[in-house]
Structure formats: C-alpha cells, structure tokens
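S.K.: the following comprises the amino acid sequence and a computationally predicted model.
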Amino acid sequence: MNAAKHPAPPATPSTSPVQSPYQPKRTLHVGARRAIAFESSVKLTVNLLLAIVATTTIAKLVPYYQSQQQQLNTLQESVQGAEKKNAELRSQFDRNFDPAQAARIMQEQSGLAYPNQKQVIWTPSLAGTPGKE
C-alpha cells in the first residue's frame, strides 16, 4: 500500500558513502507557541462557559421538575381512588343486573319477604351473654 503511494527511488549507483536518513527536528517558533497557547486558552474558556451555562440551566430546571413530580403523584393518587370507586360501582352494577340476584335485590329494596319466610330480629340480652353477670 505504501509502495503505491510512495514509489521506491530508482536504483542508481551511488558514488558517495552510505547516507544517513537523519532529518533534524523542527523547532516551533515563538509565534507558533503563542498561537497554540492562545488556541488552548480559548478552547478552555469556551468549554468553561458552556459548563457554567449548562449547570445554571439544570439548577433552574430542578424546582420545575420537583413540582411536576408532585403533580404527577397527586394525579396518580386520584387515579387510584377513581379506579377503586370504579371497581366498587362495577361490582354493584353487576350485582344489580344479575338475573340470579334479582329476587334477593327486590326483597332487600322492598322489605317484603316470601310468605313462607319468617323474619328473625336479634336483640341484645345481658343475661344470655357469657361473662356478663
């Protein structure tokens, strides 16, 4: 792959002794060092400003989030209460419209009983209860 990008130099008879591939290191000029330092300080300043803006924005959103959570909890409690009430009403509705329960419901609502039934009324009696003398 490198051979395709950088073809090897043509083989020529060399007249000089072995040449070393030494290349001196390039030193940055003072202006280049200042430019790198300035660029780094600008990047650092911008990142700090972005961090400050993000932190203050989050700090402002925390009370709003807490109030939303409080409203959500209130609504969830209301929904649970409504579901409980709905379940009670549904069971009452099912009982009221159940054909097998129709006779019992009519008896409860009207107070009338079948002719062959006797109504029993329990009265508290102090003499008949154990432990009370």
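M.R.: Now that the structure is in, tell me what you want to look at.
S.K.: only C-alpha atoms from now on, for both contacts and neighbour counts.
M.R.: Will do.
S.K.: list the contacts of stretch 43-58.
M.R.: Around stretch 43-58, nothing counts as a contact under C-alpha atoms under 8 Å, 6 or more residues apart in numbering.
S.K.: pLDDT of it, averaged?
M.R.: For stretch 43-58, the mean per-residue pLDDT is 97.
S.K.: go on, stretch 69-85?
M.R.: 97.
S.K.: which parts of it are buried?
M.R.: Within stretch 69-85, not a single residue qualifies as buried, counting by 16 or more other C-alpha atoms under 10 Å.
S.K.: the longest helix in this structure is where?
M.R.: In the chain, taking DSSP state H as the definition, the longest helix is helix 30-96.
S.K.: tally of neighbours for residue 106?
M.R.: By other C-alpha atoms under 10 Å, the residues close to residue 106 number 13.
S.K.: residues touching the one helix or strand it maps to, excluding its own?
M.R.: Residue 106 is located in helix 102-110, with elements delineated by DSSP states H and E. With C-alpha under 8 Å, 6+ apart as the test, helix 102-110 has contacts from 96, 113.
S.K.: let's see 6 Å
M.R.: For helix 102-110, the surrounding residues in contact (C-alpha atoms under 6 Å, 6 or more residues apart in numbering) are residue 113.
S.K.: what's the mean pLDDT across it?
M.R.: According to the model, helix 102-110 has a mean pLDDT of 80.
S.K.: what's the angle from that helix to helix 30-96?
M.R.: 90 degrees (axes from the mean of the first three to the mean of the last three C-alpha atoms, to 10 degrees).
S.K.: okay, buried residues for helix 102-110 please.
M.R.: Those would be residue 105, for helix 102-110 by 16+ other C-alpha under 10 Å.
S.K.: going forward, begin numbering at 105 instead of 1
M.R.: I'll keep to 105 as the first residue from here, and by that count the last item is helix 206-214.
S.K.: how far does it sit from the chain's center?
M.R.: 51 Å (C-alpha atoms, centre = their mean, to the nearest Å).
S.K.: send the alpha carbons of it over as CSV?
M.R.: What follows is helix 206-214, C-alpha atoms only, in CSV (Å, rounded to 0.1, in the frame of the first residue of the first chain):
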residue,chain,number,x,y,z
ALA,A,206,-82.9,-10.2,41.1
ALA,A,207,-85.2,-11.8,43.7
ARG,A,208,-82.8,-11.1,46.6
ILE,A,209,-82.4,-7.4,45.5
MET,A,210,-86.1,-6.9,45.2
GLN,A,211,-86.5,-8.3,48.7
GLU,A,212,-83.8,-6.0,50.0
GLN,A,213,-85.2,-2.9,48.3
SER,A,214,-88.9,-3.5,49.2
